[in-house]
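Asker: I would like to see how this sequence folds:
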Amino acid sequence: MAECKAAVVTGPSEPIAIWDVPVPPLEAGALLVRIDASTLCGTDVHRWKGDLADHGEPFITGHEPCGYVEEVAGEKVDLLGAPVRRGDRIVWSYVSCGHCYWCTVALQPCVCPGRMSWGHNPADRPPYLLGSCAEYMYVPPACQIVHVPEEVSSASAAAAACAYRTVMHGFDRLGALKSHETVAIQGSGPIGIFAAAVARDHGAKQVLVIGAPEHRLEVARRMGADATLDIDTVDDPDRRVEWVKDRTEGRGADVVLQAAGNAAVPEGLRMLRAGGRYVNIGAGGTGLLSVDTLPQEMSLFTVRSGEPRHWLQALDFLASRQGTYPFEELISRTYGLSEINEAMRAMAELEVIKAVIDPTR
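Answerer: Numbers count the residues shown, from 1 in each chain. This is a model prediction of the structure:
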């Protein structure tokens, strides 16, 4: 196979083109994966619009892949030591450099300055296929491989390769939830909705979700939220803060998890009780913060991406809680590769929670 089709961004907000892109030879330890599903993320929308500075055009969009191993260059094992063979359904981690201060001393590979991720890499230079909205994707040798359980759909597994594993990372940083604690979640996108299920599963007394539009809040309620607040209806931040305090005996939430962008942080800190914990997951965009708004003795955690174990944790959560939470409701619609522009528009306009690209359609 010399070439495959891929969805290529050629300029900010320009129509995404379908190119025939070279399939590179595999270096030792690398994989070639036939993509079965690639879910879209808000980051893909921002890159397409030119809002982020982590790319240059042209690049293959998409960074949430799940697929079948087509070719293995040599022997390969997964995160748990099981062999990786042709035909296996997998997801795979990002790659940290392994030798910088953050990798070796701080043990914080997610902030490694040499970290490699997908969906923003040059489509006109080897290894070309580093975006998931394509028929095939190149998996570099240093990636950790995670096999997908039979119980998990390829679409949900693809979402686990970004949104869901970031949530698992956030709850790792947060630590244990106590049975008396209220968790308030800012944002009703994939991260916020999945976080509602994890908070419920981890034993929170009460889970509150604040976001929009209403069809997303409906899914959040089915995924574990006790109450939701529609920001399209309640557009006054003061009223939203009071809504949380009214449900926490005036104290504010024990935990606030931000999954809507940095602009929501100042409001979220006002929802947090003194001594509470704030987890900033959806860290896109900018926000201005006045020091006098900080709750006393609060703890603040910021979360970026995930470590390989978080991919595994997300897949295990999906597989083991299939009968408890309706995960497939987060997967709104499946599009063919040629429909990538419609899928991106639907994501940008919040018509869907998760759009899926199926290159075989």
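Asker: shaky segments in the protein?
Answerer: 283 (pLDDT under 70).
Asker: Could you list the domains of it?
Answerer: Residue ranges for the domains of the chain, per automatic domain parsing: 3-151+322-358, 166-302.
Asker: List the buried residues for stretch 1-14?
Answerer: 4, 5, 6, 7, 8, 9 (16 or more other Cβ atoms under 10 Å). All C-beta atoms are positioned from the backbone trio N, CA, C, and that covers glycine.
Asker: right, and out of the residues you listed, which lies closest to residue 29?
Answerer: residue 4 (21.0 Å; Cβ to Cβ).
Asker: That closest one touches residue 24, doesn't it?
Answerer: No: in this structure residue 4 lies outside contact range of residue 24 using Cβ atoms under 8 Å: 10.7 Å.
Asker: okay, and the common contacts of the two?
Answerer: The contact sets of residue 4 and residue 24 overlap at residue 129 (Cβ atoms under 8 Å, 6 or more residues apart in numbering).
Asker: is the residue nearest to residue 143 when sequence neighbours are not counted in a bridge, and if so with what?
Answerer: Once flanking residues are discounted, residue 143 sits nearest to residue 92: 4.2 Å by Cβ to Cβ, 6 or more residues apart in numbering. Here residue 92 sits in beta bridges with residue 145, going by DSSP bridges.
Asker: quick one on the thing from earlier: among the domains of the chain, which is nearest residue 311?
Answerer: Per Cβ to Cβ, nearest to residue 311 of the domains of the chain: domain 3-151+322-358, 4.8 Å.
Asker: helix/strand/coil for residue 220?
Answerer: The local conformation at residue 220, judged by DSSP: H, G, I helix; E, B strand; the rest coil, is helix.
Asker: do the one 5 residues further on as well
Answerer: The three-state label given to residue 225 by three-state DSSP is coil.
Asker: hang on, residue 248 packs against residue 272?
Answerer: No: using Cβ under 8 Å, residue 248 is not in contact with residue 272, being 10.0 Å away.
Asker: ok, those two, which is more surrounded?
Answerer: Set side by side, residue 248 and residue 272 show more neighbours around residue 272, with 26 against 20, by other Cβ atoms under 10 Å.
Asker: Show the contacting residues for the more buried one.
Answerer: Counted by Cβ under 8 Å, 6+ apart, residue 272 has contacts 184, 252, 253, 255, 256, 278, 295, 298.
Asker: What separation do you get for the residue nearest to residue 216 when sequence neighbours are not counted and residue 267?
Answerer: Counting by Cβ to Cβ, 6+ apart, residue 188 is the residue found nearest to residue 216 once chain neighbours are left out, at 4.1 Å. According to Cβ to Cβ, to the nearest Å, residue 188 and residue 267 sit 15 Å apart.
Asker: These two - which one has more neighbours?
Answerer: Taking residue 188 and residue 267 together and counting by other Cβ under 10 Å, residue 188 has the greater number of neighbours (31 against 21).
Asker: did I read that right, the more buried one in a helix?
Answerer: No: counting by three-state DSSP, residue 188 is not part of a helix but coil.
Asker: Distance check, it against residue 264.
Answerer: Residue 188 is 12 Å from residue 264, by Cβ to Cβ.
Asker: what about the strands in the stretch 151-300 of the chain?
Answerer: Assignment of strands within the stretch 151-300 of the chain using DSSP state E, counting those that start in this stretch yields the ranges 182-186, 206-211, 227-230, 253-258, 272-280, 299-302.
Asker: which residues of the stretch 51-200 of the chain fall in helices?
Answerer: Secondary structure of the stretch 51-200 of the chain by DSSP state H, counting those that start in this stretch: the helices cover 101-104, 154-159, 165-174, 190-201.
Asker: now the longest one and strand 253-258, what's the angle there?
Answerer: So that's helix 190-201. Interaxial angle, helix 190-201 versus strand 253-258 (axes from the mean of the first three to the mean of the last three Cα atoms, to 10 degrees): 150 degrees.
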